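**Student:** I would like the atomic coordinates for the input below:
(4 chains)
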There are 2 protein chains.
Amino acid sequence: MNINQLQKKIGDRIRILRESKGITQQNLAAICNFEKANLSRLEAGRTNPTISTLYKISQALEISIAELVDVETAN
Amino acid sequence: MNINQLQKKIGDRIRILRESKGITQQNLAAICNFEKANLSRLEAGRTNPTISTLYKISQALEISIAELVDVETAN
DNA sequence: AAATAGGTTATCATATATGACAACCAAAAG
DNA sequence: CTTTTGGTTGTCATATATGATAACCTATTT
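**Tutor:** Modelled structure (predicted):
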């Protein structure tokens, strides 16, 4: 798995988790105190997020970081 | 837990895992194709690493990213 | 039709992660 | 004592993540 694939997987995971909580990007961005545009970029897998960014998202989604970045098990 | 604390925890975890494999920073850095100095900074919790950096480290340590960033359970 | 909702993309400014390099330190080995 | 080992710290250059803002798009609602 290369870095682009990883970014994509992380982005997909954020989206799936967000949707499963039934909230919009705008909403999640607000909870994280993020810029909405950046969340869109993240979910699209277009950036290489920092651990602090991912932590904020995990907190907003009420899961651990480990759970958030658990993208390897599904292969 | 604030971002500085998180960085510190991640850094500690990297160190502990590295030491448990019995390899030096220089060694791990080489496997990851990292600059040794940066690994030192990471372990010291002085930087906010990107997911790609953490992924490379997790691969070198032969664990998943989720395992690497699992710093919340102990507290 | 116009307004709203949800999301996407671009541009720009700023902070900083990372690489490269070098110098330093303490402890251990020779 | 000198050399080696393992790690730390600083400086600088470069790429880019993130925030701020704005414009755009589609679908739905009013």
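
**Student:** what about A:S64, how many residues nearby?
**Tutor:** 18 (other Cβ atoms under 10 Å in any protein chain shown). The way it works is simple: take the backbone N, C-alpha and C, and place the C-beta from them, glycine included.

**Student:** that one reaches B:M1, doesn't it?
**Tutor:** No. At 11.2 Å, A:S64 does not count as touching B:M1 under the criterion of Cβ atoms under 8 Å.

**Student:** overlap in contacts of these two?
**Tutor:** B:E72 (Cβ atoms under 8 Å, 6 or more residues apart in numbering or on different chains).

**Student:** and the gap between A:F34 and DNA strand D?
**Tutor:** Note on A:F34: its distance to DNA strand D, by Cβ to the nearest atom of the strand, to the nearest Å, is 4 Å.

**Student:** can you give me phi and psi for that residue?
**Tutor:** phi -100, psi 160 (degrees, to the nearest 10).

**Student:** tell me which strands and helices the biggest helix by length in chain A is in contact with?
**Tutor:** Longest helix of chain A, by residue count under DSSP state H: helix A:3-20. With contacts taken as 3 or more Cβ pairs under 8 Å, 6 or more residues apart in numbering or on different chains; DSSP states H and E, helix A:3-20 sits against helix A:36-43, helix A:65-68, helix B:51-60.
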